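In: Model the following, please.
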Amino acid sequence: MTNQTPAKKTKAKGPVRWEAVIPFTIVVLLTVLYVHFFFDGHLRRALEWGLGAGLGAQVDVADLKTSFTSAHLSVKGIDLTDSEQPSRNSLSVGEIRFGMSWDALLRAKILVNEAVVDKIEFGKPRGRPGWVKPPEPPKADDGSPSMAEKLKQEALEKVQQKYDQNVFGDLAAILGGGSAQVQLDKIDQSLNSKKMAQALEAQVKAKQQEWNERLKALPKASEFQALGDRMKAVKTKDFKSPQELQQSLQQLDAIFKEADAKVKSLQQAGQDLDGDVKKIDAEVKALEAQIKADVKSLEAHFKIPQIDAKALVMALFRKQIDKYMGKVQTYKALADKYVPPNLLKKGTDKPDPSMQPRPRAQGVSYEFGRPNSYPLFWVKRTAVSSQAGASAYAGNIQGEILDITSNQVLINKPTIANIAGDFPGMGISGFSTKLTVDNRQEASLVELLAAVKSYAIDGRDLISGGDVNIAFAKATGGVGVKATLKALKELDLSFDNRFQNIDYQIAAKSELVDTLLKSIFKSIPVVTVDGRFSGTFPRINTSLNSNLGPELQKGLEREVNAKIAEARLKIEKYVQDEVGKYKAQIDAEVAKIKQQVSGELKKVQEQADAQKKQAEARADQAKKDAENSAKKSVEKEATKAAEELKKRLGL
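Out: Next up, the predicted model:
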């Protein structure tokens, strides 16, 4: 017997290849599950990231839904963060929805017959501030955005410097002579007569203090009274001996000399007072002469000012220029970064209808086609609509955007947007815009016509932070804009603004300047501003014109002429009031010194003279009494000697 393994019979394969069907089914099932549960969320986050990176600010998408069966896409709640005010959205769109053609999709193309953009809002507050891309580090390449920013900053610095010198930065240049009081306020500190009067007043006060101290050191009436009391105590009669007489005379002589010294100090003080008074009188006369000279100088100082109207306009609207030029530079930088190079500059003399290169992450891809075929991307019509009332930031908008495409040459149509409406909640009415983007020729061309019949202005600063602040507290504005941009490089933009129903908010540190400016601006009910930006990026020339400059000039002339007549009458009174108060005070102080010092000196002098006379009289009396006593003593001695002689003689 032999052991043999029977050969396995190969099973015949059926019509279903399970080894291929099962993996394919798993892949399809996983794909379906991914698309159903995750694709919309991933696409929404990718859209947020891509738009945020491109615009440099946070973009939020509330909901995104796709449908492969109907080739439909719906995006809801799109919020674009305002890079200048991260707490607000620059643009909010309620919903964008569109369906794509399967015919184009099967050809690897995207064709949208009609898209809908609904519920547009501007400036809507955010729940929390959005992310804003930090500024890029500066680049050294000429023509880069950093260079444009540098040029813009230099231009603005020049405007600011000119503004400070010729507009409101130096009110003496604007109001030089327009108003007596304004002018006098400005030159008050340089008024020579006032300075002289202040110095003289200080000198007189110092002299008064000096005399007060000197009076304290001068002999008092009590001192002379004490001398008199001492003299009364000196013996002037009934001397018993010559020594006693000599002692009394010495005491009287000492008292006399002391009184004489005190009297001389009083006389010297009187002479010094006369000298000080004469000196002050001479300086007062010099002050009066200086007052007359200052009056003549002030009369010659008045003149009607001339202002640079263009510098005025550039100064007043500098902030707005800065803001809009910054936005233009930002969008220009985005265009340079993301717009296909064929839109910036084509490489052939004539456009090629079959080829249009577009940049990719790596290398360059080319789109080939034939006339009347589908371009890679084409939205034939986008209906734009919005209804006010649901939100204060929404508006009544109707419009359409035609032929958004990746290849205008292929369809031979430009992209045209026509949108009109108003925003009642924001005070905007009569808004209309027509935008045309034409890339069918050698140089791309963008044309814009926009207008707003009326928009509300609430709190717009024109000049702030200096001696003068000017703002529109409230106003109604209207604007028209016309712009062309060739090859995304050559800009020509003109606009005209009209402001009316203006509630000016003017504040100046000087009350008189404040009153003058308010009077001038009150006579300017309407302000017009026309401007033009032209040139090749980044060097854009700016030109602004406004009726505000000439109107302000007229207002200044009117106010100045009205004040000049009044000023001529007030100048002398002003100087006399300003200097006269010092002069009157000086006269009062001098009179006070004269009265106080002279009176005190006179009183003490009289007392001193009386005591001196008394001392002299007592000294004379003492001498006379001494002589009489001596005479009587001699006579007595002689009589006694005679009697003794008689006795000796026996008579």
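In: If you average the pLDDT over the one helix or strand residue 543 maps to, what comes out?
Out: When elements are assigned from DSSP states H and E, residue 543 belongs to strand 539-546. Along strand 539-546, the predicted local confidence has a mean pLDDT of 81.
In: So which bits of that strand are buried?
Out: 540, 542, 544, 545, 546 (16 or more other C-beta atoms under 10 Å). C-beta here means a position set from N, CA and C on the backbone, and glycine is covered the same way.
In: quick one: strands adjacent to that strand?
Out: Paired with strand 539-546 in the same sheet, following DSSP bridges, are strand 527-536 (antiparallel).
In: hmm, who's touching the partner strand?
Out: Contacts of strand 527-536 with the rest of the structure, by C-beta atoms under 8 Å, 6 or more residues apart in numbering, involve 313, 317, 321, 325, 328, 489-500, 502, 540-548.
In: can we see that at 7 Å?
Out: For strand 527-536, the external contacting residues (C-beta atoms under 7 Å, 6 or more residues apart in numbering) are 313, 317, 489-499, 502, 540-548.
In: Just the CA trace of it, in PDB.
Out: Listed next in PDB are the C-alpha coordinates belonging to strand 527-536 (Å, rounded to 0.1, in the frame of the first residue of the first chain):
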ATOM      1  CA  VAL A 527     -16.900 121.800   4.000                       C
ATOM      2  CA  THR A 528     -15.700 120.200   0.700                       C
ATOM      3  CA  VAL A 529     -12.600 118.100   0.300                       C
ATOM      4  CA  ASP A 530     -11.400 117.000  -3.100                       C
ATOM      5  CA  GLY A 531      -8.400 114.800  -3.500                       C
ATOM      6  CA  ARG A 532      -6.300 112.700  -5.800                       C
ATOM      7  CA  PHE A 533      -3.800 110.000  -5.400                       C
ATOM      8  CA  SER A 534      -1.700 109.200  -8.400                       C
ATOM      9  CA  GLY A 535       1.600 107.500  -9.200                       C
ATOM     10  CA  THR A 536       3.300 104.100  -9.300                       C
END
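In: buried sites along it?
Out: Result for strand 527-536 [16+ other C-beta under 10 Å]: buried residues 527, 529, 530, 531, 532, 533.
In: cool, and stretch 464-473?
Out: Within stretch 464-473, the residues scored as buried using 16+ other C-beta under 10 Å are 468, 469, 470, 471, 472.
In: Bridged to the first one, which residues?
Out: Residue 468 has the following beta-bridge partners by DSSP bridges: residue 508.
In: Equivalent analysis for the last one, please.
Out: In this structure, residue 472 has the following beta-bridge partners (DSSP bridges): residue 460, residue 504.
In: what number of residues lie near residue 250?
Out: With neighbours defined by other C-beta atoms under 10 Å, the count for residue 250 comes to 11.
In: give me the element it is part of.
Out: Residue 250 is located in helix 242-301, with elements delineated by DSSP H and E.
In: In the stretch 51-200 of the chain, where is pLDDT below threshold?
Out: Residues of the stretch 51-200 of the chain that meet the criterion pLDDT under 70 lie in 136-191.
In: Mind jotting down where the helices sit in it?
Out: According to DSSP state H, counting those that start in this stretch, the stretch 51-200 of the chain carries its helices in the segments 102-105, 145-166, 171-174, 180-187, 192-217.
In: roughly how far apart are residue 439 and residue 49?
Out: For residue 439, the distance to residue 49 equals 28 Å [C-beta to C-beta, to the nearest Å].
In: Comparing these two, which residue is more hemmed in?
Out: When neighbours are counted by other C-beta under 10 Å, residue 439 and residue 49 differ, and residue 439 comes out ahead with 23 against 11.
In: Spatially, and excluding backbone neighbours, which residue is closest to the more buried one.
Out: With sequence-adjacent residues excluded and distances taken as C-beta to C-beta, 6 or more residues apart in numbering, residue 439 is closest to residue 408, at 4.8 Å.
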